[in-house]
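**Student:** Have a look at this prediction, sequence included:
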Amino acid sequence: MKIETIIERAGGAKAVAVAIASDTGKKFQPDAVYKWPKIGIPDRHWPTIIRLAGCTAQDLFEANLAARGVAA
C-alpha cells in the first residue's frame, strides 16, 4: 500500500492533521502530511494513522520503505 493510499483512507491530509493535533494537543499543519509520500510517515504518528486508515504497523513500515526507496 502506498502512503498516498493510506492518507486517502485516513480521510485526507486535512483530516489527518486535525486528528494528530487533537491526539497530541499541538498544532499540526496539513503541509506536513503532504511531505509524507517522499519522506515516510513518522512513527510517532502511526497510532493515529492506524486508527484513521484501518491499516497495520506492517502496512506503514512497508509504505515507508517504499517511499524512502529501500528494498524490503
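**Tutor:** Structure's in. What do you need?
**Student:** residue ranges with poor pLDDT in the protein?
**Tutor:** 72 (pLDDT under 70).
**Student:** what are the phi and psi angles of the spatially most central residue of the chain?
**Tutor:** In the chain, the residue lying closest to the centroid (CA atoms, centre = their mean) is Ile41, at 4.5 Å. Reported as degrees, to the nearest 10, the phi and psi values for Ile41 are phi -90, psi 120.
**Student:** ranges for the helices of this protein?
**Tutor:** 3-9, 13-24, 30-39, 46-53, 57-67 (DSSP state H).
**Student:** buried ones in the second one?
**Tutor:** Of all the residues in helix 13-24, those buried under the rule 16 or more other CB atoms under 10 Å are Ala13, Val16, Ala17, Ala19, Ile20. For glycine as for every other residue, the C-beta is placed from the backbone atoms N, C-alpha and C.
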